[in-house]
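# Here's a sequence, model it:
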Amino acid sequence: MIKRLLPAFLALPLALAAQPKLELQPFASGFERPVDIAHAGDNRLFIVEQDGFIWILDSLGNRSPKPFLDIDARVRSTGNEQGLLGLAFHPDYAQNGYFYVNYTRTPDGDTRVSRFTRSATNPDSADANSELILLVVDQPANNHNGGCLKFGPDGYLYTSLGDGGGANDPQNFAQNKKSLLGKMLRIDVNAGPDPYRVPNDNPFVNDTTYLPEIWSLGWRNPWRFSFDRLTGDMWVADVGQDTREEIDFEPAGVGGRNYGWRCYEGALPFNTAGCQPAANYTFPVFDYDNASLGCSVTGGFVYRGSRFPELNGLYLFADFCSGRWWGTRYDAADSTFNTVLLANLTDFEYAAFGEDVRGELYVAELSGGRILRIEDRCADFAVDGAVSGSPVCPGANGGSIELSATGGSNPIQYLWADGVAGPVRSALPAGVYAVTATDGQGCSRVLSFDLPEGGTPDPVLTTDRPVVCPDETVTLTAANLQPPVTLRWEVNGSLFSTVAVNETVYTLSSNVEGTWTVSFFDSVCLETRTAELTIAREPELTPLIEGAGDSLVYNTTDTTLALQWYRNNQMIPGATQPYLLPTAEGEYFLEVTTANGCRYESNRVILQISTTMPEWVTAYTLSPNPTSDRMRLYLALDAPKRLMFTLSDHLGRVYFSQSRQGSVFDFPLELQALPRGAYTLTVQSDAGQWSRWVIKN
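Numbers count the residues shown, from 1 in each chain. As a prediction, this is how the structure comes out:
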């Protein structure tokens, strides 16, 4: 927590105009070395004193007449960093009355994590005799005890332990997997009769080289950490040795990280003897030089209250010695962190932050014994602007902007980005105008105004069919025209004389391809305004179907086409494939529809289906047809013959040819290697030949 005291720095002006300006308002006083602030799910605040007392503050800052808990006799607080150090209320405290503390016990100063229970009769009092000891950790020195306690969003209890004290972690406890020192611990306190159990998903629970309670390691003295109540992310402030103070970030639920001490202090190497490569460690999202900016970092909270919108999402922390305050904002979209110096306040030894049930934040002064409420003094300062008029034509000066402020302290100064001062601007051309308004306390607001270009709007040329089917008409419509207007229609750069100069809607049935423009002369702003549109005509498609035996096929590989077969001018339901196996005689054709909605008819084929086979054929099947891999041919004859079987495509390319002798033929046709499409199977003998379609889908 505290290493040494430095003289207070003088307050410096803030450099960032749009950032909040922190202000600390007294809330309560009269405490002896307050080191923690917590709430129990209601409007009260609980203040932890280092000597072993916990007090209650009501919503107005009034302190209870008696302490909520007094364990002064059990607490060793002779060392500067010893004492009752942390407090956390069980998430179900309203029902079970459990709360947890971290303190260094008397007489040896070892860390003790214990559970106490609220009084059964008095909600403002705890039963000091109800202590259930969960954990005891030997402390070789009286400093670097950590001591923070928090319930995570997962319902488990987290507690921080420092490296055991002594300069430079002489026994390297922070990297020792079999020591709880220099670690963040995670335990389940809802384990029934046991004081606690280790959660099954702790990162090292199955690695016997680690103690299973360890959630993360490589800490020097993580005096204060917190969880973002909105996202569940963990923020830890780890106090440095002699050079760097650091802020670490851990996404919700991500354990098992090594934060580097004593191999690294902040982002700088410290003692790398026996250490792993740098890539194995997690480095801070922000660190600062404690020789010039302070001496000991005190971690805070991400602001999630409602009173100060400018603070929302900002992680606040301070330096114990210098009084400097920073804010870090995490952008989850690109995993970046932006830290700014918010204030350089008087050195009041800011020892601990606290959050009330509504998300408003407080800070405790160690020696001064005060509890202060954190506020943004700029919260009530607001600036608005009214835009009137607009430039009549491009380049004209016709717009005005008038600013007004509410809240804030006089005098309020307005400085525009172009160097002009004052709340009113007039005779402005089109453009973007930015202004910074600053009140008497230095609170700033930045506004931006977009003054649109004036004049008549640009014309718009539209069509109902940007891609036209052959012999289809198209309608052109010109809009955003300011009468009186004379139009000029052109196609491909030439005047289209058949369109009337005052016609805004025109239907064309021929010569529609090309780039169309419509323009008119703006008599107000004395300029020509033009709109452009390109129309394309789809190339005409001539689908051709072929017939063989009892099959019809359209050879295409274009999967964007929609197909529909017709018989005797009647649609055949469900016949939407490139092939058809007719079951009745008649006149057949195929309707093909393109992606642009253009429809084309194929040639027409009159199909006569014979119910008798050649007299010497007793049976003939191809099954299944169509198929994706293979089909079986079965052919029976009334007497043995020699037959030639040939499989070819529509271009005459032969894929299979075989001569066989017999009266029964039963064999597969392997089609796996062939592309999709229609193929012809020809059977030839001395007595004649016939063909059938073979469809590969």
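# wait, Y362 sits on L372?
Yes. At 6.5 Å, Y362 counts as touching L372 under the criterion of CB atoms under 8 Å. In short, each C-beta sits where N, CA and C put it, glycine included.
# Tell me the residues that contact both of those two, please.
Common contact partners of Y362 and L372 (CB atoms under 8 Å, 6 or more residues apart in numbering): F27.
# the more surrounded of the two?
Using other CB atoms under 10 Å, the more surrounded residue of Y362 and L372 is Y362, with 25 against 21.
# export whichever strand or helix holds I54 as CSV, just CAs?
If you go by DSSP states H and E, I54 is part of strand 53-57. The C-alpha coordinates for strand 53-57 follow below in CSV (Å, rounded to 0.1, in the frame of the first residue of the first chain):
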residue,chain,number,x,y,z
PHE,A,53,-13.0,-1.4,13.3
ILE,A,54,-15.8,-1.3,10.7
TRP,A,55,-18.3,1.6,10.8
ILE,A,56,-21.5,2.4,9.0
LEU,A,57,-22.4,5.6,7.1
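# pLDDT of it, averaged?
Mean pLDDT, strand 53-57: 98.
# Quick check: which helices or strands does that strand pack against?
strand 45-49, strand 69-70, strand 84-89 (3 or more CB pairs under 8 Å, 6 or more residues apart in numbering; DSSP states H and E).
# Can I get these in CSV including distance to A405?
As requested, the helices and strands packed on strand 53-57 are exported to CSV (distance: least, CB to CB, whole Å):
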stretch, distance to A405
strand 45-49, 35
strand 69-70, 49
strand 84-89, 43
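# Show me the shaky parts of the stretch 501-650 of the chain.
For the stretch 501-650 of the chain, the stretches with pLDDT under 70 are 501-503, 506, 508-511, 523-524, 548-550, 583, 608-613, 650.
# Okay, helices next: where are they in it?
Taking DSSP state H, counting those that start in this stretch to define them, one finds no helices in the stretch 501-650 of the chain.
# Strands along that one, start to end?
Assigned by DSSP state E, counting those that start in this stretch, the stretch 501-650 of the chain shows strands spanning 505-508, 514-522, 527-537, 545-548, 551-554, 562-567, 570-571, 579-580, 586-593, 599-601, 605-607, 617-623, 630-649.
# what's the closest of the ones you listed to L157?
With respect to L157, and counting by CB to CB, the nearest of the strands of the stretch 501-650 of the chain is strand 562-567 at 64.5 Å.
# what sits against the residue lying closest to A332 once chain neighbours are set aside?
Residue nearest to A332 in three dimensions, not counting chain neighbours: T231, with 7.6 Å by CB to CB, 6 or more residues apart in numbering. Applying CB under 8 Å, 6+ apart, we find T231 in contact with A252, V302, A332.
# Including neighbour count, distance to S657 and secondary structure, could these go into TSV?
Shown next, in TSV, are those (neighbours: other CB atoms under 10 Å; distance: CB to CB, whole Å; DSSP: H, G, I helix; E, B strand; the rest coil):
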residue	neighbour count	distance to S657	secondary structure
A252	13	70	coil
V302	25	79	strand
A332	10	67	coil
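# Which of the residues you listed sits closest to N43?
The nearest member of the contacts of T231 to N43, counting by CB to CB, is V302 at 21.0 Å.
# right, and that closest one touches Y315 too?
Yes. If you go by CB under 8 Å, V302 and Y315 touch, sitting 4.7 Å apart.
# on that earlier part again, I'd like to know which of the strands of the stretch 501-650 of the chain is closest to G97.
Nearest to G97, of these and by CB to CB, is strand 562-567 at 71.8 Å.
# Parallel or antiparallel, list what pairs with that closest one.
Paired strands of strand 562-567, with direction, are strand 570-571 (antiparallel), strand 586-593 (antiparallel) (DSSP bridges).
# Distance from the longest one to the middle of the chain?
In this case it means strand 586-593. With CA atoms, centre = their mean, to the nearest Å as the basis, strand 586-593 stands 52 Å off its chain's centre.
# what do you get for stretch 132-142?
For stretch 132-142, the distance to the chain centre is 41 Å (CA atoms, centre = their mean).
# With stretch 61-77 instead?
That offset, for stretch 61-77, works out to 45 Å (CA atoms, centre = their mean).
# what's the span of it, first residue to last?
26 Å (CA to CA, to the nearest Å).
# and it, which residues are buried?
R63, S64, P67, F68, L69, D70, I71, D72, R74, V75, R76, S77 (16 or more other CB atoms under 10 Å).
# Now do the contacts for the second one.
Residues counted as contacts of S64 (CB under 8 Å, 6+ apart) are W55, I56, L57, D58, D124.
# picking up where we left off before, for G597, state which of the contacts of T231 is nearest.
So of the contacts of T231, ranked by how close each gets to G597 (CB to CB), first place is A332, at 45.1 Å.
# hang on, N280 packs against Y259?
No. Using CB under 8 Å, N280 makes no contact with Y259, being 11.1 Å away.
# So for these two, which sits in the more crowded spot?
Counting neighbours by other CB under 10 Å for N280 and for Y259 shows that Y259 has the greater number, 25 against 12.
# For A434, which of the strands paired with strand 562-567 is the nearest?
Shortest distance between A434 and the strands paired with strand 562-567, using CB to CB, is found for strand 586-593: 55.0 Å.
# and the closest one, which residues are buried?
Neighbour counts over strand 586-593 (16+ other CB under 10 Å) mark Y588, F589, L590, V592 as buried.
# next one: stretch 438-452
So, applying 16+ other CB under 10 Å, buried residues of stretch 438-452: T438, D439, C443, S444, R445, F449, L451.
# how close does the second one get to Q50?
In this view, D439 and Q50 are 40 Å apart by CB to CB, to the nearest Å.
# same question, the last one
L451 is 60 Å from Q50, where distance means CB to CB.
# And the next helix or strand past the host helix or strand of R445?
Taking DSSP H and E as the definition, R445 sits inside strand 444-451. Where DSSP H and E defines the elements, the next helix or strand beyond strand 444-451 is strand 460-463.
# Mind listing the strands the helix or strand that that next one is followed by pairs with, and their directions?
Downstream of strand 460-463, the first helix or strand assigned by DSSP H and E is strand 467-468. Sheet pairing of strand 467-468 (DSSP bridges) gives strand 527-537 (parallel).
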